[in-house]
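Enquirer: what's the 3D shape of this:
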Amino acid sequence: MTDIATALTELLNDRDSSVDDAITRHFADDYRQRTDGVWSDRAQFADHGTHLRGIVAHAEVRVLDEFVRGTAYADRQEVHVEKADGTTVVQEVYLFGALASDGRFAEVHEVTHLLRGARRTAAWRRLREPGRPQYGSPGDQSRMTRPATVIQPDASESALRR
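Expert: The predicted structure follows:
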């Protein structure tokens with residue numbers, strides 16, 4: 001099973017591996033994500049990862065809380081980024097995800113909160129350019145939702161890690 005800190009650290013920092021190799025190790029073939037309300041499929045995620053590798057000098061993912069139970073995954077993290085231009089960005093991320101049967105991420109929903117740095121980068125704005133197809137945009141009902149995972153409390157098991 002993968003975890004988000006390992007996945008993002010390899011994606012952003014491991015220059016000995018290609019972006020595609022890092023994504024293949026940690027994200028399922030039909031991976032999709034929703035970040036701050038905007039859907040991306042795996043190809044869009046890979047494009048964004050490639051762009052980030054070009055502007056990120058180093059990134060550190062600090063997991064503050066993490067919960068894993070079966071295929072359900074959730075965490076709260078801070079991502080500290082030193083960009084190639086010398087500026088720093090720190091974001092807090094609330095992530096809820098589902099793992100595929102092979103332990104890779106199948107889907108991630110995340111909400112971000114900027115703690116320090118520029119409001120939005122050009123890469124972020126580019127994802128929302130007029131005319132750019134948005135996976136899961138209104139009218140695209142092909143794969144908008146997957147069945148919800150309901151986690152029942154289990155007093156004998158504690159999956160919350162700090």
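
Enquirer: What count of nearby residues applies to S101?
Expert: Neighbours of S101 under the rule other C-beta atoms under 10 Å: 8. Any C-beta I mention is one placed from the backbone N, CA and C, and that applies to glycine too.

Enquirer: That should have said R116, apologies.
Expert: Look at R116: counted by other C-beta under 10 Å, it has 12 neighbours.

Enquirer: next one: phi and psi at it?
Expert: Here is the backbone geometry of R116 (degrees, to the nearest 10): phi -160, psi 140.

Enquirer: Quickly list what it is bridged to.
Expert: Beta-bridge partners recorded for R116 (DSSP bridges): V90.

Enquirer: can you pull the contacts of it?
Expert: Contact partners of R116, counting by C-beta atoms under 8 Å, 6 or more residues apart in numbering, are 88-90.

Enquirer: list the buried ones in stretch 27-40?
Expert: 27-28, 31-35, 39-40 (16 or more other C-beta atoms under 10 Å).

Enquirer: Where is the longest strand in the protein?
Expert: When the chain is scanned for its longest strand (criterion: DSSP state E), the result is strand 56-69.

Enquirer: Mean confidence (pLDDT) on that strand, please.
Expert: In this model, strand 56-69 carries a mean pLDDT of 97.

Enquirer: Which other helices and strands does it contact?
Expert: In this structure, strand 56-69 makes packing contacts with helix 4-13, strand 72-83, strand 160-161, judged by 3 or more C-beta pairs under 8 Å, 6 or more residues apart in numbering; DSSP states H and E.

Enquirer: mean pLDDT for these: which is lowest?
Expert: Lowest mean pLDDT within the helices and strands packed on strand 56-69: strand 160-161, a mean of 48.

Enquirer: OK, contacts around S101?
Expert: Under the criterion of C-beta under 8 Å, 6+ apart, the neighbours of S101 are T71.

Enquirer: Check the gap between it and M1 for me.
Expert: 11 Å (C-beta to C-beta, to the nearest Å).

Enquirer: try Q44
Expert: Taking C-beta to C-beta, one finds Q44 at 24 Å from M1.

Enquirer: So for the two, which residue has more residues nearby?
Expert: Neighbour count, other C-beta under 10 Å: between Q44 and M1, Q44 has more, with 18 against 12.

Enquirer: who does the strand or helix carrying that one touch, helix- and strand-wise?
Expert: Using DSSP states H and E, Q44 maps to helix 42-55. In terms of contacts (3+ C-beta pairs under 8 Å, 6+ apart), helix 42-55 is packed against helix 4-13, helix 19-26, strand 27-35, helix 122-127.
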